[in-house]
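> Next input, structure requested:
(2 chains)
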2 protein chains.
Amino acid sequence: MNHTSTPEILLDVGQRLFAERGYAASSVRDITSAGGANLGAVTYHFGSKDALYQAVLERALGPLRETIAATAQPTGPALDRIEAVLRAMFAYLGDHPELPRLIVQQLAAGTELPPVVAATMQANIGVMTGLIREGQRHGTIRKGDPQLLALSFGGQPIFLALIGHALKQAVGLDPTDPAARQALVDSVVTLVRAGLRSTKENTP
Amino acid sequence: MNHTSTPEILLDVGQRLFAERGYAASSVRDITSAGGANLGAVTYHFGSKDALYQAVLERALGPLRETIAATAQPTGPALDRIEAVLRAMFAYLGDHPELPRLIVQQLAAGTELPPVVAATMQANIGVMTGLIREGQRHGTIRKGDPQLLALSFGGQPIFLALIGHALKQAVGLDPTDPAARQALVDSVVTLVRAGLRSTKENTP
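Reported below is the predicted structural model:
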């Protein structure tokens, strides 16, 4: 019935267990057993649990990195491209609700980041910082350290995806409801555009 | 040498282990053993592991909730009080670096939130929403759903505290360095003020 290959099954199961329980609490035995594979399958196909984990992260983060880079690329006003990148991040995370859980454990652990997570953060912050610098050159974005400005809002899609479920319980806002989600994304985008825009009022 | 009481030791050790490993992976045996207490101490002093966990959360979140409420209270322009609340949140989280790790696992788990976490989120979002509504009444804050506006920036202190360590590795910004931290907080505050402010340019 199911023609998915064993490596793909291991990636799917690994991603689910790593997101639910964390890396340390997901054993090779848990993963192979949940995937209906034999105990040696992780070693055979990936080399080690850590290599499977890196592959899971790369499969989840690679397309996000590419989407952000591609969305930022076309010419056009920097603020419009920043808005497009934010919307693309929200859309990607909406389609991959497990992703924030998968990376936040690493972000929070206070230990060395997996290389693919560090590279993705670096690339994404770099893209946003570049767009801000460009807008500053053209006088459309306020003065200020461009990297700090990027960090001042760039994590909103990740944070809001992360706390989505909690928002529903705490304040009754359900980000899996398309209309509620759209209103939240629009609010973030409006606030960020106004916050970045260079105007007589907001120029220090 | 150490005159800390057993309940306080259990709260300290519980907080550290829950933050490091999560609730499920921290057993009563781990906690009592790390605290040098006997195995029955958690039950004796708190009733259960869950009750200890609730007490840990309340001890960590209660003062934050009170700080936010107190900071929001004085009269004065709404934007100034929003800025003060953001700065108070950054300061509290700077003094309690383990707090985001402690709560983010709950936020991310997708399961029912512990009551104290839900109540704290509700209270904090409520305070920020109230300040925005007040600024809108006075014409100093842009139009828009006040709760959505609050959610569009209110989590920044938590998210940035959560990824602080990762930022250092990914882009070389160390939020434990006071000057770097101050610059980041100032950047967030400036962006949020400009994003919320009602001006001819930013009124839709």
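
> Quick check: next helix or strand after the host helix or strand of residue A:149?
Using DSSP states H and E, residue A:149 falls within helix A:146-151. As assigned by DSSP H and E, the chain's next helix or strand after helix A:146-151 is helix A:156-162.

> Can you name the element that comes right after that next one?
For helix A:156-162, the succeeding helix or strand toward the C-terminus, using DSSP H and E, is helix A:164-171.

> So is that following helix next to chain B?
Yes - part of helix A:164-171 sits near chain B under the criterion CB under 8 Å from any CB of the partner chain, namely A:165-167, A:169-171. In this view, the C-beta of every residue, glycine as well, is placed from N, C-alpha and C.

> Just the residues contacting that helix, thanks.
For helix A:164-171, contacts defined as CB atoms under 8 Å, 6 or more residues apart in numbering or on different chains pick out A:97, A:160, A:173-176, B:106-107, B:110, B:112-113, B:117-118, B:121-122, B:125, B:147, B:151.

> if we can go back for a sec, from the middle of its chain, how far away would the helix holding residue A:149 be?
Averaging C-alpha positions (CA atoms, centre = their mean, to the nearest Å) puts helix A:146-151 17 Å from its chain's average.

> So for it, mean pLDDT?
Throughout helix A:146-151, pLDDT has a mean value of 96.

> same check, this time on stretch A:73-88
The average pLDDT for stretch A:73-88 rounds to 94.

> how about it: buried residues?
By neighbour count with 16 or more other CB atoms under 10 Å in any protein chain shown, stretch A:73-88 contains the buried residues A:78-79, A:81-88.

> same question, stretch A:112-125
By neighbour count on 16+ other CB under 10 Å, the buried set for stretch A:112-125 is A:113-114, A:116-118, A:120-125.

> could the residues you listed go into CSV alongside distance to residue A:183?
Written out in CSV, the entries for the buried residues of stretch A:112-125 read as follows (distance: CB to CB, whole Å):
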residue, distance to residue A:183
A:113, 33
A:114, 34
A:116, 33
A:117, 30
A:118, 33
A:120, 28
A:121, 28
A:122, 32
A:123, 29
A:124, 25
A:125, 27
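
> farthest pair in the residues you listed?
The two members of the buried residues of stretch A:112-125 with the most space between them (CB to CB) are A:114 and A:125, at 16.7 Å.

> any chance of the buried residues of stretch A:73-88 in CSV, with secondary structure too?
Written out in CSV, the entries for the buried residues of stretch A:73-88 read as follows (DSSP: H, G, I helix; E, B strand; the rest coil):
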residue, secondary structure
A:78, helix
A:79, helix
A:81, helix
A:82, helix
A:83, helix
A:84, helix
A:85, helix
A:86, helix
A:87, helix
A:88, helix
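
> Nearest to chain B within chain A, name that residue for me.
Of all residues in chain A, the one sitting closest to chain B is residue A:195 (3.2 Å; CB to the nearest CB).

> Who are the packing partners of the helix or strand that residue falls within?
Taking DSSP H and E as the criterion, residue A:195 maps to helix A:178-196. Of the remaining helices and strands, those touching helix A:178-196 by 3 or more CB pairs under 8 Å, 6 or more residues apart in numbering or on different chains; DSSP states H and E are helix A:78-95, helix A:156-162, helix B:146-151, helix B:178-196.

> so which of those gets nearest residue B:13?
helix A:156-162 (26.8 Å).

> could you say what helices and strands that closest one packs with?
Counting by 3+ CB pairs under 8 Å, 6+ apart, helix A:156-162 packs on helix A:78-95, helix A:99-109, helix A:178-196, helix B:99-109, helix B:156-162.

> Quick one, which of the ones you listed gets closest to residue A:27.
Among the helices and strands packed on helix A:156-162, if distance is taken as CB to CB, the winner is helix A:99-109, at 16.1 Å.

> Give me the residues contacting that closest one.
Helix A:99-109 is contacted by residues A:15, A:18-20, A:22-23, A:56-57, A:60-61, A:64, A:92-93, A:113-114, A:117, A:158, A:161-162, B:100-101, B:104-105, B:108-110, B:162-163, B:165-166 when judged by CB under 8 Å, 6+ apart.

> And the helices and strands packed on helix A:178-196: which comes nearest residue A:43?
When those are compared for distance to residue A:43 using CB to CB, the nearest one is helix A:78-95, at 31.2 Å.

> close to chain B, is the closest one?
No - counting by CB under 8 Å from any CB, chain B is not contacted by helix A:78-95; separation bottoms out at 10.9 Å.

> So what touches that helix?
With CB under 8 Å, 6+ apart as the contact definition, helix A:78-95 has outside contacts at A:63-64, A:67-68, A:71-72, A:74, A:99-100, A:127-128, A:131-132, A:134-135, A:138, A:140-141, A:153, A:156-158, A:160-161, A:175, A:181, A:185, A:188-189, A:192-193, A:196-197.

> let's go with 7 Å and repeat that
Applying CB atoms under 7 Å, 6 or more residues apart in numbering or on different chains, the contact partners of helix A:78-95 are A:64, A:67-68, A:71-72, A:99-100, A:127-128, A:131-132, A:134-135, A:138, A:140-141, A:157-158, A:161, A:181, A:185, A:188-189, A:192-193, A:196-197.

> pLDDT score assigned to the closest residue to residue A:144 other than its chain neighbours?
In space, and not counting its chain neighbours, residue A:144 is closest to residue B:187: 6.2 Å by CB to CB, 6 or more residues apart in numbering or on different chains. Residue B:187 is assigned 97 on the pLDDT scale.

> can you redo the helices and strands packed on helix A:156-162 as a markdown table with distance to residue B:41?
What follows is the helices and strands packed on helix A:156-162, written out as a markdown table (distance: least, CB to CB, whole Å):
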| stretch | distance to residue B:41 |
| --- | --- |
| helix A:78-95 | 42 |
| helix A:99-109 | 28 |
| helix A:178-196 | 44 |
| helix B:99-109 | 21 |
| helix B:156-162 | 31 |
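
> Out of those helices, which gets nearest to residue B:9?
Distances from residue B:9 to each of the helices and strands packed on helix A:156-162 were compared by CB to CB, and the smallest falls on helix B:99-109, at 17.3 Å.

> now that closest one, how far from the centre of its chain.
From the chain centre to the centre of helix B:99-109 is a distance of 10 Å (CA atoms, centre = their mean).
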